[in-house]
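# Fold the following and give me the result.
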Amino acid sequence: MSEQITVPRAGNTPPRERLELLETSQPATELWWEYRRDFTGQGWHELESVGQIADLVLGLNEATDGLTLEDEEPVTRYAQMYYLGEQRFQLELATVVPGGAYNFRIGQGAHAAEREGNTPTTSATTVQLLNRAQLIEVLTSWAQGYGLPQGYGSALHCYGDVSV
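Below is the predicted model:
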């Protein structure tokens, strides 16, 4: 026998309740997080579950608020994002390898984000800006080790002595 439930209208519900996360309870690797206020770290904390990512993103409310997620030492992957105001976020995911890192600036559209480029001295373009729900969707997938969800792309920048 199926159970019928009533779901509130999306317009009356905060973003956390409108986003359905298909999540496992734990990330693929142990992750740590740190808020940044005005580009200054606020201390590292262990990520309790993948679901906590949504709550952390909801805490980014002032322009230049940031959040970094990374795995245990030695760091092999990290995510860094900044709130740019007006419900827009810049997200970069990276894989760390000996001698450098592969840094991917995430955007909307499988190929659009790649065409926009990724250099340390430039800001994200409109295509590379995500809203809160998109940011949570991408981070949750990344934390679980699934990569980018369908509909997103990235632009690569290589740091250090690495290349493609």
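
# can you give me the strands in the protein?
31-37, 40-41, 45-46, 66-71, 77-83, 89-97, 100-108, 129-130, 152-160 (DSSP state E).

# Name the residues of stretch 79-98 that are buried.
The neighbour-count check on stretch 79-98 (16 or more other C-beta atoms under 10 Å) flags 79-84, 88-94, 96 as buried. To be clear about C-beta, it is placed using only N, CA and C from the backbone, and glycine gets the same treatment.

# Let me have those residues in a markdown table, extended by distance to residue 106.
Shown next, in a markdown table, are the buried residues of stretch 79-98 (distance: C-beta to C-beta, whole Å):
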| residue | distance to residue 106 |
| --- | --- |
| 79 | 9 |
| 80 | 11 |
| 81 | 9 |
| 82 | 13 |
| 83 | 15 |
| 84 | 14 |
| 88 | 13 |
| 89 | 10 |
| 90 | 9 |
| 91 | 5 |
| 92 | 7 |
| 93 | 6 |
| 94 | 11 |
| 96 | 17 |
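
# Tell me which two of those sit farthest apart.
88 and 96 (26.6 Å; C-beta to C-beta).

# for the residue lying closest to residue 46 once chain neighbours are set aside, which residues make a bridge with it?
Excluding the flanking residues, the one nearest residue 46 by C-beta to C-beta, 6 or more residues apart in numbering is residue 32, at 5.7 Å. Beta-bridge partners of residue 32, counted by DSSP bridges, are residue 46, residue 70.

# Mind checking which residue lies nearest the centre of this structure?
residue 139 (3.8 Å; C-alpha atoms, centre = their mean).

# Show me the shaky parts of this protein.
1-27 (pLDDT under 70).

# Which one of the strands of the chain lies nearest to residue 121?
Once the strands of the chain are compared by C-beta to C-beta, strand 152-160 is nearest, at 10.5 Å.

# What are the buried residues along the closest one?
In strand 152-160, counting by 16+ other C-beta under 10 Å, buried: 152-155, 157.

# Tabulate these (CSV), appending distance to residue 120.
Below are those laid out as CSV (distance: C-beta to C-beta, whole Å):
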residue, distance to residue 120
152, 21
153, 19
154, 15
155, 12
157, 7
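
# closest to residue 117 among those residues?
Once C-beta to C-beta is applied, the member of the buried residues of strand 152-160 that ends up nearest residue 117 is residue 155, at 5.4 Å.
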